[in-house]
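> attaching a predicted model along with its sequence, questions to come.
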Amino acid sequence: MDVEVTIRVDGTDRRLTVDTRTTLLDALRERLGNTSPKKGCDHGQCGACTILLDGRRANSCLALAVAHDGAEIVTAAGLAPDGQLHPMQQCFIRHDAFQCGYCTPGQIVSAVAMLREAEAGWPSAVTMDSPDGGADGGPVRLDADEIRERMSGNLCRCAAYANIVPAIEELAR
Ligand code: FES
């Protein structure tokens, strides 16, 4: 069954007709030509498809487009309007935080959302007893262990974590 939905993607309203089984990932990539989110596992396990969905990170391979009519979506491409790179994107470049680059858009979107979550005081398994956990909504300082834990939903098959973690750490202090 086909349904019309309107989603706002990287600041632009897009209206499209989708089958009720179409995921946001497929809608973005195959219908709207936005290849920023990548298809890795297509099962919610790798994080390559991570987007900001109404401000929160989400695996777009697990979200049905029909369930998100009216949603606001930001992809890694949308983090750099007019070609001005987001600070997180700049950190990834500075730290050479990629090898093949396939997971990079998802890593960056997830890292941006992760820092917002930490600033809002969302706990993690590592930070339950951390004095810098940001529980009051104030500034956060995340160490490498905590970054790894909070980013555990984003896998890198090249295992470039030795550079990814310091890239994120630069903005997490
Ligand atoms: Fe969505 Fe792997 S493609 S989590």
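Nice, I can see it. Numbering: from 1, shown residues only.

> for burial, what's the neighbour tally of the closest residue to residue 173 other than its chain neighbours?
Counting by Cβ to Cβ, 6 or more residues apart in numbering, residue 173 lies nearest to residue 141, which is 5.1 Å off, once chain neighbours are set aside. Using the backbone N, CA and C atoms, a C-beta is placed for each residue, glycine as well. The tally of other residues near residue 141 (other Cβ atoms under 10 Å) stands at 14.

> my guess is residue 141 contacts residue 172, does it?
Yes. Residue 141 is in contact with residue 172 according to Cβ atoms under 8 Å; the separation is 6.6 Å.

> how would you label the residue nearest to residue 173: helix, strand or coil?
coil (DSSP: H, G, I helix; E, B strand; the rest coil).

> before we move on, what about residue 16?
strand.

> right, and it touches residue 9 too?
No. Assessed by Cβ under 8 Å, residue 16 is found out of contact with residue 9, at 10.0 Å.

> between these two, point out the one with more neighbours.
Neighbours were counted for residue 16 and for residue 9 using other Cβ under 10 Å; residue 9 has more, 22 against 16.

> okay, the more buried one and residue 116: tell me how far apart.
Look at residue 9 and residue 116: by Cβ to Cβ, to the nearest Å, they are 20 Å apart.

> also residue 75?
Distance from residue 75 to residue 116, counting by Cβ to Cβ: 16 Å.

> after the lengthiest helix in the chain comes which helix or strand?
Ranked by residue count, the top helix of the chain under DSSP state H comes out as helix 104-119. Counting by DSSP states H and E, the next helix or strand C-terminal to helix 104-119 is helix 144-150.

> for that following helix, buried residues please.
Under the neighbour-count criterion of 16 or more other Cβ atoms under 10 Å, helix 144-150 has 146, 147, 150 buried.

> which one among the residues you listed gets closest to the ligand?
Within those, the smallest distance to the ligand is 16.2 Å, found for residue 150 (Cβ to the nearest ligand atom).

> assess the claim that that closest one and residue 119 are in contact.
No. If you go by Cβ under 8 Å, residue 150 and residue 119 don't touch, sitting 11.9 Å apart.

> list the contacts of the nearest residue to residue 145 once chain neighbours are set aside.
Among residues not flanking residue 145 along the chain, residue 126 sits closest, at 5.5 Å (Cβ to Cβ, 6+ apart). Contact analysis of residue 126 by Cβ atoms under 8 Å, 6 or more residues apart in numbering lists 145, 146, 149, 150.

> thanks a lot, see you next time.
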